[in-house]
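> Here you go, sequence then predicted model.
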Amino acid sequence: VARPRPGSPLVWFHAVSLGEGMAALPVVFHCARLHPGLPILLTTTTLSAFKVIKDLLPDVVIYQFAPLDCPDAIESFIGYWKPSLILLMESELWPNLIMSAAEKGIAVALLNARMSLKSLNRWSVPLGLPLVSLMLSKLSLVIPLSTIQAVRFQLLHTPPNKIHFAGDLKYGNLRSLKR
């Protein structure tokens, strides 16, 4: 644990790699600016992301490595941080994280959502479709990168009322959000 858990509601942004972490930064800065007292947790899983992103964040953001997506690690992590909202970046469909959050009534959103054609085909098999459909039904919000991405999520039975468009977060102006 990087820092002690603050006592108030907490928003958890999860991005695996450097690219996803950089895509999350404009939203993290915007959230910190709009809600100055709101604790924000940002997690990544790669050392390259950690080395770059740690120096870009405001002091109010707690930054650390994410747990593995295995039941015990996720339960422990969510139990410690008690997030009120979890924002996953791009293609981070972590089944144990999503299902555990849903069981606890924690809203989970997928921002800059994308699904490669290879992943779509892999999830579309008879054994995979019921599993991914269940997991995607637990999401509160999916913000796809494009119409094509939205269609891919709908083909995997994401409820259409959970899909909303906001544009590509990677093109958010980080400099203007830091002010």
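That came through fine.
> Tell me the confidence at residue 169?
According to the prediction, residue 169 has pLDDT 71.
> Surely it touches residue 24?
Yes - taking Cβ atoms under 8 Å as the definition, residue 169 is a contact partner of residue 24 at 7.3 Å. (Glycine included, C-beta is placed from N, CA and C.)
> tell me, what's touching these two both at once?
Common neighbours of residue 169 and residue 24, using Cβ atoms under 8 Å, 6 or more residues apart in numbering, are residue 111.
> Looking at these two now, which is surrounded by more residues?
Shown here are residue 169 and residue 24; by other Cβ atoms under 10 Å, residue 24 has more neighbours (27 against 20).
> any idea which helix or strand carries that one?
Here residue 24 sits within helix 18-34, counting by DSSP states H and E.
> The longest strand seen in the chain pairs with which strands, parallel or anti?
Counting residues, the longest strand found in the chain (DSSP state E) is strand 107-113. Listed by DSSP bridges, the sheet partners of strand 107-113 and their directions read strand 85-89 (parallel), strand 141-144 (parallel).
> so how far is the shortest one off the chain centroid?
The gap between the average C-alpha position of strand 141-144 and the chain average comes to 10 Å, counting by Cα atoms, centre = their mean, to the nearest Å.
> quick check: mean pLDDT across that strand?
Strand 141-144 carries an average pLDDT of 96.
> mind listing what's buried in whichever helix or strand comes after that strand?
Note on strand 141-144: by DSSP H and E, the next helix or strand toward the C-terminus is helix 147-155. For helix 147-155, the neighbour count (16 or more other Cβ atoms under 10 Å) marks 149, 150, 152, 153, 154 as buried.
> Provide the secondary structure category for the residue of the chain positioned farthest from its centre.
Within the chain, residue 126 marks the point farthest from the mean C-alpha position, 26.7 Å out by Cα atoms, centre = their mean. The local conformation at residue 126, judged by DSSP: H, G, I helix; E, B strand; the rest coil, is coil.
> That one and residue 157: what is the separation?
13 Å (Cβ to Cβ, to the nearest Å).
> Show the average pLDDT along the longest strand of the chain.
96.
> other SSEs contacting the helix or strand following it?
Next in sequence after strand 107-113, counting helices and strands by DSSP H and E, comes helix 117-123. Where contact means 3 or more Cβ pairs under 8 Å, 6 or more residues apart in numbering; DSSP states H and E, helix 117-123 is packed against helix 128-137, helix 147-155.
> Could you list the low-pLDDT ranges of the protein?
For the chain, the stretches with pLDDT under 70 are 1-2, 170-179.
> What's the local residue count around residue 55?
6.
> In what element of secondary structure is it found?
Here residue 55 is assigned to no helix or strand, by DSSP H and E.
> Can you give the distance of stretch 121-136 from its chain's centre?
That offset, for stretch 121-136, works out to 20 Å (Cα atoms, centre = their mean).
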